[in-house]
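Colleague: Structure, please.
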Amino acid sequence: MVELKLYGTGTSGYQFLKKSLVDFLEFNHLDFKIEEVNDVARFISDNINSVPSVAINGDQPIEMSKEGDFKMGIIKIYHRIAGLYGKEQMRRILVPTDFSSSASTALHFAKIFCRQKYYTLDLLHVHHPSYIEIAKHPFEEDHTLETKTELLEKTARAAEMDFVGDLLGSTPIVPVIKEGLAGDVIQDMSYQYEFIIMGSHGASNLFESLLGSVSHTVASESQCPVILVPPGVEFYKLSHVCILGNRLGRDISQEVHKVFPHVNVTRFENQPLVLAGGHDDIHPMDEIDHCIEQEDTYFITSMECYKHARSIGDHTSLEPIYHKIQAKGRPLIVWP
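Modeller: From the prediction side, this is the model:
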């Protein structure tokens, strides 16, 4: 049970803070009780110097005016609740990073994706010295674990500070560093998350081919949906989802509706997939091309379709459509 004392006088800022906290707790399925303290005499007796302020489970109140920025004060409260009740209970999104521009784009996209939600965002770097040495990573000369850990922390804090979206879109970002092979580590962690959001390309040269390979490997094996973010992604509010291809024995459209309840869904999934046996491609290409041109449209494909298309990799599969989607700067979601 999360017990909150909310100190304030009913101003718009106070009401805004209350709504954001209630929405955050409900989104993460946490039981809570809020005591609203609006009496100035109570402010004095509880040593509250400024309002609005929030006390969590009787701890020292967080005074919003002392945080320097109202948004950062809310993020601090989110962090404290997550710390008290364990990250495993929070609804989380994972964003792997190699500190490249592509990874930064994916991180910014993730924050926009979370804007009207209350996810905790884990920013992951997988450290593997031999890979970094081979690839000659262009972003820094010191590739030690300690340096990477420090850089990851700075990246997470900067991402919290520089986002200028709606206040309710404030997202707590938790830096996570692991050692090992990136693809294996991310796949092993995937069951803990509702989404993985990652760039579809890596940093540069050999490192790009390694990270690009990792993103496609994760998309083919993850236990949660993977959003592949192209370098030229355009940021628009989601209002339309297109499902490409079917999943044998299971209709994913109901799952998609549950995750995206307020968007229009166009289904191309009931049309049979083109198999290697030489069937004609019956996907309505004109309709799909029209959807690709729409700025507010995301595309979802089942993992079976994705793996099949990449395995045969010719014009009779969905592979060219995936390329069109990414080339137009649209995200592609691979659904397990």
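Colleague: what's the helix or strand for the residue lying farthest from the centre of the chain?
Modeller: Largest separation from the mean C-alpha position in the chain: Ala41, at 43.2 Å (Cα atoms, centre = their mean). Per DSSP states H and E, Ala41 falls inside helix 40-45.
Colleague: I'd like the average pLDDT over that helix.
Modeller: Helix 40-45 shows a mean pLDDT of 90.
Colleague: what are the ranges of the strands in the stretch 101-250 of the chain?
Modeller: 120-127, 173-179, 195-199, 226-229, 240-244 (DSSP state E, counting those that start in this stretch).
Colleague: Tell me which strands the third one pairs with, and in which orientation.
Modeller: Spelled out, that is strand 195-199. strand 92-96 (parallel), strand 226-229 (parallel) (DSSP bridges).
Colleague: which residues sit against the last one?
Modeller: Applying Cβ atoms under 8 Å, 6 or more residues apart in numbering, the contact partners of strand 226-229 are 102, 105-106, 109, 113, 195-200, 215, 218-219, 326, 331-334. The way it works is simple: take the backbone N, C-alpha and C, and place the C-beta from them, glycine included.
Colleague: re the thing from before, mean neighbour count, the strands paired with strand 195-199: which tops it?
Modeller: Most buried of the strands paired with strand 195-199 by mean neighbour count (mean count of other Cβ atoms under 10 Å) is strand 226-229; its value is a mean of 26.
Colleague: separation between the residue nearest to Gly183 when sequence neighbours are not counted and Ser12?
Modeller: Distances taken as Cβ to Cβ, 6 or more residues apart in numbering place Thr217 nearest to Gly183, at 4.3 Å, with adjacent residues excluded. Using Cβ to Cβ, to the nearest Å, we find Thr217 at a distance of 48 Å from Ser12.
Colleague: more crowded one of those two?
Modeller: Thr217 (16 against 7; other Cβ atoms under 10 Å).
Colleague: Surely the more buried one and Leu181 touch.
Modeller: No: counting by Cβ atoms under 8 Å, Thr217 stays clear of Leu181, with 9.8 Å between them.
Colleague: the bottom helix or strand of the chain by mean pLDDT?
Modeller: helix 129-135 (a mean of 51; mean pLDDT, DSSP states H and E).
Colleague: What lies in contact with stretch 17-34?
Modeller: With contact meaning Cβ under 8 Å, 6+ apart, stretch 17-34 is reached by 1-6, 8, 36, 52, 54, 64, 70, 74, 77-78, 81, 85, 89-91, 117-119, 167-168, 170.
Colleague: Show me what the mean pLDDT comes to for that stretch.
Modeller: Taken as a whole, stretch 17-34 has a mean pLDDT of 88.
Colleague: List the buried residues of that stretch.
Modeller: For stretch 17-34, the neighbour count (16 or more other Cβ atoms under 10 Å) marks Leu17, Lys18, Ser20, Leu21, Phe24, Leu25, Asn28, Leu30, Phe32 as buried.
Colleague: go on, stretch 184-194?
Modeller: Going by 16+ other Cβ under 10 Å, stretch 184-194 has these buried residues: Val185, Ile186, Gln187, Met189, Ser190, Tyr193.
Colleague: re the thing from before, restricted to helices, list the buried residues of stretch 17-34.
Modeller: Under the assignment DSSP state H, the buried residues of stretch 17-34 contribute Leu17, Lys18, Ser20, Leu21, Phe24, Leu25 to helices.
Colleague: from those residues, which is closest to Glu150?
Modeller: Phe24 (28.9 Å; Cβ to Cβ).
Colleague: ranges for the helices of the protein?
Modeller: Using DSSP H, helices in the chain cover 12-27, 40-45, 70-85, 101-113, 129-135, 145-162, 182-189, 205-221, 253-259, 285-292, 303-312, 319-327.
Colleague: For the stretch 101-250 of the chain, give me the ranges with low pLDDT.
Modeller: Within the stretch 101-250 of the chain, the segments meeting pLDDT under 70 span 115-116, 129-143, 162-170, 201-212, 235-236, 246-250.
Colleague: ok, 80 please
Modeller: For the stretch 101-250 of the chain, the stretches with pLDDT under 80 are 112, 114-118, 128-145, 160-172, 201-213, 232-238, 245-250.
Colleague: of all the strands paired with strand 195-199, which lies closest to His257?
Modeller: Comparing these by Cβ to Cβ, strand 226-229 comes nearest, at 17.3 Å.
Colleague: I'd assumed Lys154 was in contact with Thr97.
Modeller: No: Thr97 lies out of contact with Lys154 (Cβ under 8 Å); the separation is 11.7 Å.
Colleague: Looking at the two, which has the bigger crowd around it?
Modeller: Thr97 (23 against 11).
Colleague: residues contacting the nearest residue to Ser101 once chain neighbours are set aside?
Modeller: Leaving aside its chain neighbours, Ser101 sits nearest to Pro231 (7.3 Å; criterion: Cβ to Cβ, 6+ apart). Residues in contact with Pro231 (Cβ under 8 Å, 6+ apart) are Ser101, Ser102, Thr105, Gly199, Ser200, His201.
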